[in-house]
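Undergrad: no sequence for this one, just the structure:
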């Protein structure tokens, strides 16, 4: 049967068809890379749905679409590095136009109505039950990252005008940061130990300490690269904002949480503490008469 659609609608259908076959290969590839059998099974189920949708669209467009290999490599890489839940949800967020077309044509064709329902419900249900360790311990990562941002950004800002020496500031920052990360990891372990078994408590503490150490490394790095302490502080503040931006984007996609509100809140807290610490460091330096 020869179906007649407007040129713009046909173009969107062909793009959707290409997208469906591309996602089929993405899900299929991920299912072979994931060790967790439960997750692998979920991904194979989603892959089969995408292949079925491609077949339906092919009937309406009458064209053969090849998968986008660059997109396959990109999303497989993102999913392996940042977690399959993040990768899949990021990919699904790019299907807005296709979903609108499915819903509109679903009023005339049952096939599109079924595709729209599966895209909107079935896949989201499957994605929702994917078991992933990174997301289970996201609270621990938030704790480590947030504490590191607030404490170390403030510490470095305070030390900047107190010491005026990038090497001394970096040394003090690293010692403070590493000691604080060990303290945070230990506290998280003891806290989690009261609620969970040792293995889970240990993982929780490692995620907390790991997030703290990585954040410390990025914040202290400018003081090891530049010799001007003011420039170092500026880049440390920029690094803090970038970390907040990236992490909140990750959480907003993976956990379906509001991005702007969380980003603004975390930025205000971290930068507010940095400004206060900066002023305190300057005043203490004047009060004690220290000139390094």
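TA: Done, it's in. Just so it is clear, the model here is predicted, and its values are computed rather than measured. Numbering: from 1, shown residues only.
Undergrad: for the residue nearest the centre of the chain, give me its contacts.
TA: Central residue of the chain (CA atoms, centre = their mean): residue 250, 1.8 Å from the mean position. By CB atoms under 8 Å, 6 or more residues apart in numbering, the contact list for residue 250 reads 82, 86. For the C-beta atoms, the positions are set from N, CA and C on the backbone; glycine is no exception.
Undergrad: quick one, phi/psi of it?
TA: phi -60, psi -50 (degrees, to the nearest 10).
Undergrad: measure it to residue 82 for me?
TA: Using CB to CB, to the nearest Å, one obtains 7 Å as the distance from residue 250 to residue 82.
Undergrad: same deal with residue 34?
TA: 14 Å.
Undergrad: give me the more crowded residue out of those two.
TA: Legend: neighbour count by other CB atoms under 10 Å for residue 34 and residue 82, higher for residue 34 (19 against 15).
Undergrad: residues contacting the more buried one?
TA: 40, 43, 84.
Undergrad: just residue 59 next, same as before
TA: Residue 59 touches residue 111, counting by CB under 8 Å, 6+ apart.
Undergrad: any idea which element it lies in?
TA: helix 37-61 (DSSP states H and E).
Undergrad: tell me the gap between that helix and the middle of its chain.
TA: 25 Å (CA atoms, centre = their mean, to the nearest Å).
Undergrad: in that helix, what counts as buried?
TA: 39-40, 42-43, 46-47, 49-51, 53-54, 56-58, 60-61 (16 or more other CB atoms under 10 Å).
Undergrad: tell me which helix or strand comes right after that helix.
TA: Using DSSP H and E, the next helix or strand after helix 37-61 towards the C-terminus is helix 69-82.
Undergrad: counting by contacts, list what that following helix packs against.
TA: Applying 3 or more CB pairs under 8 Å, 6 or more residues apart in numbering; DSSP states H and E, one finds that helix 69-82 contacts helix 7-33, helix 84-92.
Undergrad: okay, those, which one's buried deepest?
TA: Burial of the helices and strands packed on helix 69-82 is given as mean neighbour count (mean count of other CB atoms under 10 Å); helix 84-92 ranks first at a mean of 21.
Undergrad: what average pLDDT does it get?
TA: When pLDDT is averaged over helix 84-92, the result is 81.
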